[in-house]
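Q: 3D, please:
(chains A, B, C and D)
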There are 2 protein chains.
Amino acid sequence: MAGDQSTKTEARLRQAGLRPTRQRMALASLLYAKGDRHLTVEELHEEAAAAGIDVSLATVYNTLHQFTEARMLRVLAVEGSRTYFDTNVSDHHHFFIEGRNEVVDIPMGNISITNLPEPPEGMEVAHVDVIIRLREKAK
Amino acid sequence: MAGDQSTKTEARLRQAGLRPTRQRMALASLLYAKGDRHLTVEELHEEAAAAGIDVSLATVYNTLHQFTEARMLRVLAVEGSRTYFDTNVSDHHHFFIEGRNEVVDIPMGNISITNLPEPPEGMEVAHVDVIIRLREKAK
DNA sequence: CTGTGTGCAAACTCTTTGCATAAGT
DNA sequence: ACTTATGCAAAGAGTTTGCACACAG
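A: A predicted model of the protein is given here:
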């Protein structure tokens, strides 16, 4: 039934310690309805508008940051001025298509990195990011 | 003798098709005097000022972009709002120290990535970036 | 001289913040 | 009711651009 989806979303928010407000529910639904996604604030804002959900840009920013702190999202370190958010929080890597500014997941388990160097004294590894930058093949 | 360094810098600029102006010479000297470096525009601007070289911020931006096009520099894809430039153009990877916003080279040849996935149809790999994010170890 | 490069200030983009209003529990 | 979230508009960072002046060849 239709209620199931929003019930799940609400549970997810509560678990994260966030009150399930209209806006959070709406944004979370958009984010998690279609599987793993990579988007910018701007994109999500437009998507929300298109879906008839009238949230301010500032609220999208705030909300995505709250989601990130709650580990419902990850921030992607792709070069460029915009911040990409990734709905897939698990350990995985990315293709980045230059010229198109598009982020694509690299199928899990495909990459292994060997000979990882020791971190310097007193440091520990927080995360390893691999970004494979692609361009369209010249023909 | 003192002239050697600037002669080399001038040659480097000419080879890149850039006229060796005062500002370019000065910035290039700062960049390449101390081995491989990672810096932001702001940092280089301050360094120049400290060295008594009075360049405008806009010129630093313009110059670093020109150097990048000339492949004398590389832009680093570290998350965050600032752009890092790397004077080491060869193929290598980086540590990024969170909280300190510091970039450190990973000694060459230490990392190997296996099982690199096939790029999608019609795409080719432009570059592979590995960023190992470090944090200070809790004690 | 002639064409490029530079400096400045203003414009721009993306993002964050302060504060009054609105909504959740 | 009481607390937390939202919206708006304004501020803030980092970066880019347009145009007059200055310098390199």
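Q: is there proximity between stretch A:51-69 and DNA strand D?
A: Yes: when contact is scored as Cβ under 7 Å from any atom of the strand, part of stretch A:51-69 falls within range of DNA strand D: A:54-56, A:58-59, A:62-63, A:66. For the C-beta atoms, the positions are set from N, CA and C on the backbone; glycine is no exception.
Q: can you select the buried ones from those in PyMOL?
A: Those of the residues of stretch A:51-69 next to DNA strand D that count as buried under 16 or more other Cβ atoms under 10 Å in any protein chain shown are selected in PyMOL with:
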select buried, chain A and resi 55+59+63+66
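Q: can you redo the residues of stretch A:51-69 next to DNA strand D as TSV with distance to A:D86?
A: Putting those into TSV (distance: Cβ to Cβ, whole Å) gives the following:
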residue	distance to A:D86
A:D54	25
A:V55	20
A:S56	23
A:A58	21
A:T59	20
A:N62	18
A:T63	15
A:Q66	16
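Q: out of the residues of stretch A:51-69 next to DNA strand D, who's nearest DNA strand C?
A: Nearest to DNA strand C out of the residues of stretch A:51-69 next to DNA strand D is A:A58 (Cβ to the nearest atom of the strand; 3.4 Å).
Q: so what's the closest one up against?
A: Residues counted as contacts of A:A58 (Cβ atoms under 8 Å, 6 or more residues apart in numbering or on different chains): none.
Q: sec struct for it, please.
A: For A:A58, the assignment made with DSSP: H, G, I helix; E, B strand; the rest coil gives helix.
Q: low pLDDT regions in chain A?
A: The model of chain A has pLDDT under 70 over residues A:1-4, A:139.
Q: by contact count, what packs against the strand ranked longest in chain A?
A: What stands out as the longest strand in chain A, according to DSSP state E, is strand A:123-136. Applying 3 or more Cβ pairs under 8 Å, 6 or more residues apart in numbering or on different chains; DSSP states H and E, one finds that strand A:123-136 contacts strand A:94-97, strand B:123-136.
Q: can you rerun that using 10 Å?
A: Helices and strands touching strand A:123-136, by 3 or more Cβ pairs under 10 Å, 6 or more residues apart in numbering or on different chains; DSSP states H and E, are strand A:74-76, strand A:94-97, strand A:102-105, strand B:94-97, strand B:123-136.
Q: for chain A, list the residues in contact with DNA strand D, please.
A: Near DNA strand D, when you scan chain A using Cβ under 7 Å from any atom of the strand, you find A:18-19, A:21-24, A:54-56, A:58-59, A:62-63, A:66, A:81.
Q: if the most centrally placed residue in chain A is in a bridge, with which residues?
A: Centroid check for chain A by Cα atoms, centre = their mean gives A:D86 as the closest residue, at 1.5 Å. The partner list for A:D86 in beta bridges (DSSP bridges) reads A:H38, A:R74.
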